[in-house]
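Enquirer: take a look and give me a structure for this.
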Amino acid sequence: MLAKTFGSAVHGVNAKTISIEVDVAQGLKFFMSGLPDSAVKESQHRVGSALKSSGFFMPRKRTVVNLAPADIRKEGSAYDLPIALCVLQASGQINSGKLDQYLIMGELSLDGNLRPIKGALPIAIQARQEGFKGFILPADNAREAAVVKDLPVLPVSNLKEAVDFLEEASVIDPVCVDAHEMFATRQNDYDSDFKDVQGQENIKRALEIAAAGGHNVIMIGPPGAGKTMLAKRLSTILPPLTLNEALETTKIHSVAGKLIRDTALLTTRPFRSPHHTMSNVALVGGGSNPQPGEISLSHNGVLFLDELPEFKRSVLEVMRQPMEERRVTISRARFSIDYPSNFMLVASMNPCPCGYYNHPEKECVCAPGVVQRYLSKISGPLLDRIDLHVEVVPVSFDEMTANRKVETSEQIRERVVKARGIQSHRFQDHESVYCNAMMPSNMVKQLCAVDDAGKALLKTAMERLGLSARAYDRILKVSRTVADLAESEHIRAEHLAEAIQYRSLDRDGWAG
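Expert: Numbers count the residues shown, from 1 in each chain. Got it, this is the predicted structure:
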């Protein structure tokens, strides 16, 4: 007897429907076809134990499981539940006419209970597009999938519940999630706030400019100056996620299995801070079973690389192309996968190995030439993609203990949102550009024109400070953002002056 239902395979951040067919006939042995990986092949043992624990049995006949299309590789343990239900139907232990009307996914434990799966959100989106009557899945994934409208999401905790529903012996109420209400109430649920930061007003200003224009930023300063604390608060002043951005970001975390249990939707911008011992694959994604890397997990958010020179040079270099293209392509012999990677890079570093070069109080003990060698660990092409270089100095005791009023993240965010609104209007005819940092060179010349006073200031800065040619466009982009924050239509000399001070690493002789 033949039984059929449907599951799904996730490739990249999208899903493709898979037909699951089981035939039980005279003969012996269990066969599985359709390019299953080891985890799928092992489902025979999980399904057999789960059936026995749930009061059923594995048929002692020739059982053939086919996962179609047969030329697409099937990965993971999420096919356990649909295979088990098809085995029951094909062996006559249940009789349901609804099996092929639903998309079914779930990993079985040996006692018949269900474990959560990866990629529930993209699978639910695909199920709605293909018009399935509903999506049967583990209860732990139900809220995540229920974000998708017009698709009944039916949570089950074990195999017996799924059987009873399909045989109409019980009713399962679909899970309902009001994504708009949840999104509206949790957009600003951050654990940190700029009001906790005493002093460092110049660094706060630099981060405000970075957030307003989408600029990458690097902070250089001694240990304990507050670089990490400031970086962690950058996401709190970025414009709130739109619903489309939240869905796109949630899909990536869902595919990677990084969503917290019972989380329906990511409502705040992600902040990722990987350790400097990470590999190339961990950063950009990939592997034998490709998974999104840190640059994709920080999509629409912030990627923070602490102690930048300690990262392997090869790791940093593979990040250059995704930073430009806002996506990363993982290519293999049989397929190619695209992951979005539109993130803000925030990096921090000590100015030298001992950490105290240019320190106002402590003396640097590094040998001559060591500082320059330390900084040279970061390549010029990577620095070329970072708009703001900010020197961080330690906070004095008086500043730490001062009882002065400090701006909150919400107050800073209001100015950032207003500046982003100006940029949205400016770039409304350019689909691939929506903030100042994304402007190509030809657009910089057109939209960042300066007057004679500004040109004179730029010329003086280039000559006296020894700024490199690559700094020129960066200064213009940052000055455009400074002007937007000031709600100025034109870039004035004071906007350029502020932008010039954020090019520390471009100055001749900065590292001795």
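Enquirer: where's residue 98 relative to residue 301, distance?
Expert: From residue 98 across to residue 301, the span is 41 Å (C-beta to C-beta, to the nearest Å). All C-beta atoms are positioned from the backbone trio N, CA, C, and that covers glycine.
Enquirer: go on, residue 125?
Expert: Between residue 125 and residue 301 the distance is 21 Å, computed by C-beta to C-beta.
Enquirer: neighbour count winner among the two?
Expert: residue 301 (22 against 19; other C-beta atoms under 10 Å).
Enquirer: dihedrals phi and psi, the more buried one?
Expert: phi -140, psi -140 (degrees, to the nearest 10).
Enquirer: cool, and residue 327?
Expert: Here residue 327 shows phi and psi, under degrees, to the nearest 10, equal to phi -160, psi 160.
Enquirer: report the buried residues of stretch 155-164.
Expert: 155-156, 158-163 (16 or more other C-beta atoms under 10 Å).
Enquirer: let's see which of those end up in strands.
Expert: Counted as lying in strands by DSSP state E, out of the buried residues of stretch 155-164, are 155-156.
Enquirer: nearest to residue 261, of the buried residues of stretch 155-164?
Expert: Residue 261 has its nearest neighbour among those in residue 155, at 13.0 Å by C-beta to C-beta.
Enquirer: for the closest one, give me its contacts.
Expert: Contact partners of residue 155, counting by C-beta atoms under 8 Å, 6 or more residues apart in numbering, are 137-139, 141-142, 172, 175.
Enquirer: quickly list what it is bridged to.
Expert: residue 137 (DSSP bridges).
Enquirer: and it, how close does it get to residue 145?
Expert: Here residue 155 is placed at a distance of 9 Å from residue 145 (C-beta to C-beta).
Enquirer: residue 154 touches residue 164, doesn't it?
Expert: No - look at residue 154 against residue 164 with C-beta atoms under 8 Å: they stay out of range, at 11.7 Å.
Enquirer: in the stretch 251-400 of the chain, which spans are strands?
Expert: If you assign secondary structure with DSSP state E, counting those that start in this stretch, the strands in the stretch 251-400 of the chain sit at 271-272, 285-286, 291-292, 302-305, 327-331, 336-340, 344-349, 388-391.
Enquirer: who touches the longest one?
Expert: Among residues not part of strand 344-349, those counted as contacts by C-beta under 8 Å, 6+ apart are 210-211, 214-221, 227-228, 231, 234, 238, 301-309, 319, 323, 378, 385-386, 392.
Enquirer: indicate each strand paired with it and its parallel or antiparallel sense.
Expert: strand 217-220 (parallel), strand 302-305 (parallel).
Enquirer: what does the fifth one give?
Expert: Taking DSSP bridges as the criterion, strand 327-331 pairs within the sheet with strand 336-340 (antiparallel).
Enquirer: what are the buried residues along the strand it pairs with?
Expert: For strand 336-340, by 16+ other C-beta under 10 Å, it's 337-340.
Enquirer: over to stretch 348-367?
Expert: Here stretch 348-367 shows 348-359, 364, 366 as buried, counting by 16+ other C-beta under 10 Å.
Enquirer: now stretch 296-304
Expert: Those would be 296-304, for stretch 296-304 by 16+ other C-beta under 10 Å.
Enquirer: ok, the residue lying closest to residue 301 once chain neighbours are set aside - contacts?
Expert: Closest residue to residue 301 apart from its sequence neighbours, by C-beta to C-beta, 6 or more residues apart in numbering: residue 270 at 3.5 Å. Contacts for residue 270 (C-beta under 8 Å, 6+ apart) come out as 235, 249, 253, 297-302.
Enquirer: before we move on, back to that, neighbour count and secondary structure for the contacts of residue 155 - can I get that in TSV?
Expert: Listed next are the contacts of residue 155 as TSV, based on neighbours: other C-beta atoms under 10 Å; DSSP: H, G, I helix; E, B strand; the rest coil:
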residue	neighbour count	secondary structure
137	30	strand
138	24	strand
139	19	helix
141	30	helix
142	23	helix
172	17	coil
175	20	coil
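Enquirer: where does the chain have low pLDDT?
Expert: For the chain, the stretches with pLDDT under 70 are 397, 400-401, 468-470, 507-512.
Enquirer: that one - how does it break down into domains?
Expert: 2-166, 186-434, 439-512 (automatic domain parsing).
Enquirer: straight-line length of the first one, end to end?
Expert: The straight-line separation of the ends of domain 2-166 (C-alpha to C-alpha, to the nearest Å) is 17 Å.
Enquirer: quick check: the two most widely separated of the buried residues of stretch 155-164?
Expert: Across the buried residues of stretch 155-164 (C-beta to C-beta), the longest gap, 14.8 Å, separates 155 and 163.
Enquirer: which residues in the stretch 201-350 of the chain form helices?
Expert: Assigned by DSSP state H, counting those that start in this stretch, the stretch 201-350 of the chain shows helices spanning 201-213, 227-232, 243-255, 280-284, 294-297, 313-317, 320-325.
Enquirer: do the same with the stretch 351-500 of the chain
Expert: Under DSSP H, counting those that start in this stretch, the stretch 351-500 of the chain gives helices at 370-375, 380-383, 397-401, 409-426, 441-447, 452-464, 470-485, 493-500.
Enquirer: give me whichever of those helices is most buried.
Expert: helix 470-485 (a mean of 24; mean count of other C-beta atoms under 10 Å).
Enquirer: what does it contact?
Expert: 208-209, 212-213, 215, 380, 384, 387-388, 415, 418-419, 422-423, 436-437, 439, 441, 444, 447-448, 450, 458, 461-462, 467, 489-492, 495-496, 498-500, 502-503, 506.
Enquirer: rerun at 6 Å
Expert: 209, 212-213, 384, 387, 415, 419, 422, 436, 444, 448, 491, 495-496, 498-500, 503, 506 (C-beta atoms under 6 Å, 6 or more residues apart in numbering).
Enquirer: again with stretch 408-419
Expert: With contacts defined as C-beta under 6 Å, 6+ apart, stretch 408-419 is touched by 193-195, 208, 211-212, 236-237, 239, 484-485.
Enquirer: what is the burial count for residue 320?
Expert: Counted with other C-beta under 10 Å, the neighbours of residue 320 add up to 14.
Enquirer: leaving out the residues flanking it, which one is nearest to residue 214?
Expert: Spatially, and ignoring its direct neighbours in sequence, residue 214 is nearest to residue 435 (3.5 Å; C-beta to C-beta, 6+ apart).
Enquirer: my read is that the one you found contacts residue 423, right?
Expert: Yes - contact status for residue 435 versus residue 423: in contact at 5.3 Å, counting by C-beta atoms under 6 Å.
Enquirer: next, format the strands of the stretch 251-400 of the chain as CSV and append distance to residue 51.
Expert: Converted to CSV, the strands of the stretch 251-400 of the chain look like this (distance: least, C-beta to C-beta, whole Å):
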stretch, distance to residue 51
strand 271-272, 41
strand 285-286, 37
strand 291-292, 31
strand 302-305, 45
strand 327-331, 37
strand 336-340, 35
strand 344-349, 50
strand 388-391, 60
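Enquirer: of the ones you listed, which approaches residue 50 most closely?
Expert: Here strand 291-292 is closest among the strands of the stretch 251-400 of the chain (C-beta to C-beta), at 26.7 Å.
Enquirer: ok now that closest one, how far from the chain's centre?
Expert: 10 Å (C-alpha atoms, centre = their mean, to the nearest Å).
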